[in-house]
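>>> sharing a model that was predicted from the sequence below.
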Amino acid sequence: MIAMKVRRLLPRLVRWPKTALGRVAFGFGLLFGIVVAGIGLIAGSVWMEHKYPSDEEGMAILPRTQRWITRPIVAALGREIQSHYRRTSEARYLETGLSLAETIGRFLDVDEDLVTRRELAFRLAREGTPEALAALEAVLQSAATADQVFILRLIGRAGNPATIPLLVQMARDPAKKAACGAIEALGMIGGDEATARVATILSGDAWPRSSRIQAAITLGSMGTTASRLALGDAFGAMPSPELAAEILSGLGRYDFEQVAPTFRSFLADEGADGALRVVAVEALANSSPDAVPYLIELARADGDAEVRESAAWAISTQPGIGAFGDPLVDMTAVEPEEDVRRRLYEAMLHLPGLPPGRILPLVLEETDTAARVAGLNALGRAAREHPGSAETARFDLELVPELRRIATRPNSLNLQMRAVFALRRAGTPAAGEALAAIANEAPPPVAAAARNGLAAISP
């Protein structure tokens, strides 16, 4: 019924031109409208994802639309841009005007400077013929370490699996940089065979320590299921603390859901190496946002203050923590260590809309200067977002003068700058007056930061 009504109304709304010229003009107009609408959709998606990120809870204004439309558009656009630049950068290695035989001949010509001919390695690696691979091996065996590393990276960028045996051979090179460059190139090629070779290096006791560390770094950057499993197996084999730290850092790059059992099991043992537990927590700063509830759990209850501090820092690096404002404030109120409280205040900087009334009582009780200034930064942001509140008025009256004193009197440069940043974040008239005074009274770097802040908040 509805379709029939639409078909009846359509001729009244859109008049199809009677002449051929009119129909052509109508077609061009329709095409132009579609193009403009497409460009508008892309531009609107980029603007919306920048202004109101869909992966930050509380920021997205059209959550479902952004999740299913704008975010995929922006992601696809980013991939296409990266692909374009990659093709452009690789073109100069391929479009030499030389045949393969001529390329091999010039690459092997010892009378020509290797710096000028080493770029031909990309073409040879991409071709992957026996003659090309033999030429690459011959030059790699005699080249200086810097040239070896350059050539190995080009081989990796070429992405040809036929070069894997050559790279494995170079990974045994006694020169540390050349071996690590070969392992890095294997990671750039990717795929099951390259992953297996890198995993063998990581788990092999006969390989040099530097090569095993590079293997852990490489597997962490590959981002595949196979590389993640290889890292997990290597960690389960109880490696040395140094190697374990790199493995944990690599595992931290994967989605938390995939690596949670490993991290939960290790961090549950408070008798484990303390420094390694800190590394594990900080590695989760690179994981997915669903790591935040677990990080909050650690920041609240772990018995090691350094682990709690690292967890608070990792929380501050994660996007979309707006839903966790209440737990962060509650944890700060009962946390006995000032360094942990400082990190919790820094996490609060990423909580849009947090009422200043939640922060002010905590800051007023702080006796540690660094933690207090961190709290004043969080309070400054909240004051800007609640300009008419009683807490903002108290911030202007009591705490702005304190920030001015910290910025202008003998203190560490870090504290002085953080005091200026708190005023800049507040942006109130009283904060502006304090910045103007600091610009005239403070040491040059602090004065410059105050002037820049004053310019930013001035109407």
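On my side now, so go ahead.
>>> what about the helices in the stretch 51-200 of the chain?
Along the stretch 51-200 of the chain, the stretches classed as helices by DSSP state H, counting those that start in this stretch are 63-65, 71-94, 100-108, 114-117, 121-127, 130-142, 145-158, 164-171, 176-189, 191-203.
>>> helices and strands around the fifth one, which ones?
The reference is to helix 121-127. Packing contacts for helix 121-127, counted by 3 or more CB pairs under 8 Å, 6 or more residues apart in numbering; DSSP states H and E, involve helix 71-94, helix 100-108, helix 130-142, helix 145-158. Any C-beta I mention is one placed from the backbone N, CA and C, and that applies to glycine too.
>>> kindly state the pLDDT recorded for residue 235?
Per-residue confidence (pLDDT) for residue 235: 94.
>>> surely it and residue 263 touch.
No: the criterion here is CB atoms under 8 Å, and residue 235 misses it with residue 263 at 10.1 Å.
>>> between those two, which contacts overlap?
Shared contacts of residue 235 and residue 263, defined by CB atoms under 8 Å, 6 or more residues apart in numbering, comprise 248, 251.
>>> follow-up on the earlier one: ok, which of the helices of the stretch 51-200 of the chain comes nearest residue 417?
The minimum distance between residue 417 and these falls on helix 71-94, with 33.4 Å, by CB to CB.
>>> what mean pLDDT does the closest one get?
Helix 71-94 carries an average pLDDT of 52.
>>> residue 329: neighbour count?
Residue 329 is flanked by 20 other residues according to other CB atoms under 10 Å.
>>> swap in residue 398?
Residue 398: 11 surrounding residues under other CB under 10 Å.
>>> sort out which residues of the helix or strand containing residue 309 are buried, please.
Following DSSP states H and E, one finds residue 309 within helix 305-317. Of the residues in helix 305-317, those with enough neighbours to count as buried (16 or more other CB atoms under 10 Å) are 306-317.
>>> just stretch 348-362 next, same as before
Judged by neighbour count (16+ other CB under 10 Å), stretch 348-362 contains these buried residues: 348-351, 354, 356, 358-360, 362.
>>> check stretch 147-158 too.
147-158.
>>> residue 256 versus the residue nearest the centre of the chain, what's the distance?
With distances taken as CA atoms, centre = their mean, the residue of the chain nearest its centroid is residue 286 (7.1 Å). Separation of residue 286 from residue 256 (CB to CB, to the nearest Å): 10 Å.
>>> what's in contact with the strand or helix carrying residue 363?
When secondary structure is defined using DSSP H and E, the element that contains residue 363 is helix 356-365. Where contact means CB under 8 Å, 6+ apart, the residues beyond helix 356-365 that reach it are 325, 329, 332-333, 341, 345, 348, 372, 375-376, 378-379, 382-383, 386, 389-392, 394-395, 399.
>>> got it, and stretch 437-454?
Residues lying outside stretch 437-454 but in contact with it, judged by CB under 8 Å, 6+ apart, are 404, 407-408, 413, 416-417, 420-421, 423-424, 432, 435-436.
>>> try stretch 101-120
Judged by CB under 8 Å, 6+ apart, the contacts made with stretch 101-120 from elsewhere in the structure are 92-93, 96, 98, 121, 123-124, 131-132, 135-136, 138-139, 143-144, 147, 150-151, 154.
>>> quick one: buried ones out of these?
Burial by neighbour count, 16+ other CB under 10 Å: within the contacts of stretch 101-120 this picks out 93, 121, 123-124, 132, 135-136, 139, 143, 147, 150-151, 154.
>>> just curious, which of these is nearest to residue 168?
Comparing the buried ones among the contacts of stretch 101-120 against residue 168 with CB to CB picks out residue 136 as the nearest, at 13.4 Å.
>>> mind checking how far residue 243 is from residue 219?
Between residue 243 and residue 219 the distance is 12 Å, computed by CB to CB.
>>> oh sorry, the question was meant for residue 345
Distance of residue 345 to residue 219, computed by CB to CB: 36 Å.
>>> burial measure for residue 394, as a count.
Burial of residue 394 is recorded as 16 neighbouring residues (other CB under 10 Å).
>>> which neighbouring elements make contact with the one helix or strand it maps to?
With elements taken from DSSP H and E, the one containing residue 394 is helix 390-394. Using 3+ CB pairs under 8 Å, 6+ apart as the contact test, the elements touching helix 390-394 are helix 356-365, helix 369-385.
>>> if we use 6 Å, what do you get?
Secondary structure elements in contact with helix 390-394, counted by 3 or more CB pairs under 6 Å, 6 or more residues apart in numbering; DSSP states H and E, are helix 356-365.
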